Structures are given as C-alpha cells and as structure tokens.
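Novice: A predicted structure for the sequence below; I have some questions about it.
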Amino acid sequence: MSRSSFALAACLLVGQLCGAQGEAHATERSLHGLDLDYVAPAECPSREQFDAMLRARLPDEATTKDTRHFLARITPDEAGGYVGRLDVRGPGLAPDVREIHAPTCRAVSTSLVLFVVLALTPASQAEHEPERTSPAPPPPSPPTTEPAPLPTRSSSDETRSYTHAAKPAATWSWSAGFQATYQHMSEAAWGGRVHAELTRVPALGPLGASLRLSYGWSDFSTFPVRAGEAKFRLRTGRLEGCARVALGSFALSPCAAFELGSLDGRTPALSATEMSTLWAAPGVRLRLGWQTSAWLALEVEAGLSMPLERRVFQITDPIRTVYEPPAVVVDLGAGLGVSGRFR
C-alpha cells in the first residue's frame, strides 16, 4: 500500500470515529444551565426521576440561556394528599408561583414538570425562532372603506395573566405525642413525657420555628447507709423554643429549654421520712424527627439541663447523705407523635 493510500484510510477512520462520537453526544438530553432545586418527601419521585421526566418534555438545549431560579417543592397536606409549588424568580422579574393539589405525589411531580416546561418554552422559542421576512407588498388596489380591526390579545398578554399567581403563604402545623425517657441523675432514672407543639412552616426555604410544651416524670433509687432504699421522683413541666430545619421528610430542631417542677424523695424503711425540693433548670436540646406519613412522625432527642439549686437530701440520727443532684443532667428520649396542618 502506498503512503498516500495509507493516509487516506487513516483520515476516513478518524472521520468515522468523530462522527460516531458526535451522534452519541447529540442524543444526550441534559438540564445543563438550569438553576433548579427539587424538594420532596422520601415517598415521592427522586431528583433523578424528576429530571428524566423534564428531559423527555423539553427540546434540546432549551435551558442553557435561562438565568431564572426554579424551586419545585412537594409537601403533604392535611387531607392526606400532596401539594406542589413551583416558584420562579429572576433579577428584575416579578415572582411566578404556581400550585397544584393531588391525592398522589406522582401526580403532583408530573404537574410540576409541566409547570417548568410552560415556564421555559416561551423563552426558548423566542431565542431559537428564525427571523421572519415581511411579505412583498400587494399590488395597489382601489381604496375601499373597511371597518377598524378589533383589538386582539397577544400571546405575551396571555402568558402574563397566567403567571400572575398569588404569593405563597406560610402554613402552621400542630403535633402531640409521647416519649420514653432516660435521665442520668447520678443514678439511672426512667420515665416518660407527653408534649404538644405548634410549628410555623415557611412557604419557601427549609427554616421554620416551633414552640413545644411538655410534662414528664422519672423515677430512680439510692441506697444510703442504714436507711434501706430511698426512692425519688422528678416531675417537671418544660417549655422549648426551637428552630426547625426541614431536610426532605426529616427535620432537625435545636432548642433552648427551661424546666420547672419538684424533686420528691422518701425512705420506705424509715416511716414519716419524706423530702421535697423545687426543681428549676435551664437547658439545651437537639431533636431529629422523621415524617413517615402525612400525620405520623417518629423522633429521637438528647438534652442537657443545669439545675439552679442542688439541695442535698439528708437523714438524721446519725446525719448521713441520701442524695445530691448532679451539676448537669443528661437525658435521652424516643417516641412518636401525630400532626396536622392548617393555614
């Protein structure tokens, strides 16, 4: 084979490889350049499934020049279904908010995909539409009297009236539940706690706030010298103010708390020996909740409390110490709760 024939065959081979690579790239559908956030519960379609549905409905490269921010959010509603919101914002543009209610999360996510396509299609068509040349003027005709044309409504006016939706509003939720608790009071103390909580859920963004009121109790025992068993019960009411960060179907809540109640003790072996003191303790807490359905949630938490007064419990004849509270009380809790939403 001559040198020129070899060069020609090499060029043909490189051309075929480049053409095959270009065809494979041309068949890819991507969301490159689109600023889109998608937030939904765990039971809803994933981000990958949402992107796949969006790619199937958008023309190629329809998102590369759109500078707006798209936020698609799905949340459960009080009726057992789901509500979806699409918020589109951009510099110098009025907010564009659309909302859909449906009994299934799949139906809501499909509607949000259509909302995104509707928001993107007018802009992409304007960018890729070729310039239209005006037709040649018709030959002159005798003047005639014609009625004035009626005003028509342009497509931009229709789009403008469609996209001016109501601004999203924050919602409120309530919850009530029970926790099994453990406290390290120098001795192991076991008990329970019931609570009620009010939470503000923002329309946009993951950060909310909540207020929780609870009542709890815990029991433990000590065994002082020549006194048998000393039994103690701590009963407190607790007020908590919390920040709430939503992470899909999970929520993380750091809280500041204050407890007020009583610590009571008695020694059954020594009749008529009873002791009681005021319990007041500020503290901090961290709670993790998992919303398993529209109305049921599981949660775990940990906390520290610092009693303002640490009274020493003693008995006489002879004087001996029965119990002294620690400077810091560590407690853990796990339980479940029911919840609902309202505006």
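Specialist: Here it is on my side, so go on.
Novice: Distance from the chain centre to the host helix or strand of V116, please.
Specialist: Using DSSP states H and E, V116 sits within helix 105-128. Centroid displacement of helix 105-128 relative to its chain, using CA atoms, centre = their mean, to the nearest Å, is 23 Å.
Novice: Could you list every helix and strand in contact with that helix?
Specialist: helix 47-57, strand 69-76, strand 82-89, strand 96-102, helix 155-163 (3 or more CB pairs under 8 Å, 6 or more residues apart in numbering; DSSP states H and E). To be clear about C-beta, it is placed using only N, CA and C from the backbone, and glycine gets the same treatment.
Novice: Mind putting these into CSV with mean pLDDT?
Specialist: Shown next, in CSV, are those (pLDDT from 0 to 100):
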stretch, mean pLDDT
helix 47-57, 86
strand 69-76, 90
strand 82-89, 90
strand 96-102, 89
helix 155-163, 49
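Novice: can you tell me which of these comes nearest to K231?
Specialist: Nearest to K231, of all the helices and strands packed on helix 105-128, is strand 69-76, at 44.9 Å by CB to CB.
Novice: Which residues are in contact with M53?
Specialist: Listed by CB atoms under 8 Å, 6 or more residues apart in numbering, the contact set of M53 reads 45, 109-110, 113.
Novice: Including distance to L288 and pLDDT, could those go into JSON lines?
Specialist: Below are those laid out as JSON lines (distance: CB to CB, whole Å; pLDDT from 0 to 100):
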{"residue": "P45", "distance to L288": "24", "pLDDT": "91"}
{"residue": "S109", "distance to L288": "26", "pLDDT": "89"}
{"residue": "T110", "distance to L288": "31", "pLDDT": "92"}
{"residue": "V113", "distance to L288": "31", "pLDDT": "88"}
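Novice: what's the closest of these to A188?
Specialist: Of all the contacts of M53, A188 sits closest to P45, with 45.9 Å by CB to CB.
Novice: Distance check, the closest residue to the closest one other than its chain neighbours against G81.
Specialist: Using CB to CB, 6 or more residues apart in numbering and skipping the chain neighbours, the partner closest in space to P45 is S109 (4.7 Å). Using CB to CB, to the nearest Å, one gets 13 Å for the distance from S109 to G81.
Novice: who has more neighbours, these two?
Specialist: Neighbour comparison, S109 and G81: the larger count goes to S109, with 23 against 15 (by other CB atoms under 10 Å).
Novice: So, low pLDDT: which residues of the protein?
Specialist: 1-32, 59-65, 122-167, 271-273 (pLDDT under 70).
Novice: how far away is the most centrally placed residue in it from R235?
Specialist: For the chain, the residue nearest the mean C-alpha position is A246 (2.9 Å; CA atoms, centre = their mean). Distance, A246 to R235, using CB to CB: 33 Å.
Novice: Can you give the domain ranges for this structure?
Specialist: 27-125, 171-342 (automatic domain parsing).
Novice: State the distance spanning the first to the last residue of the last one.
Specialist: The one in question is domain 171-342. Domain 171-342 has its terminal residues 6 Å apart, counting by CA to CA, to the nearest Å.
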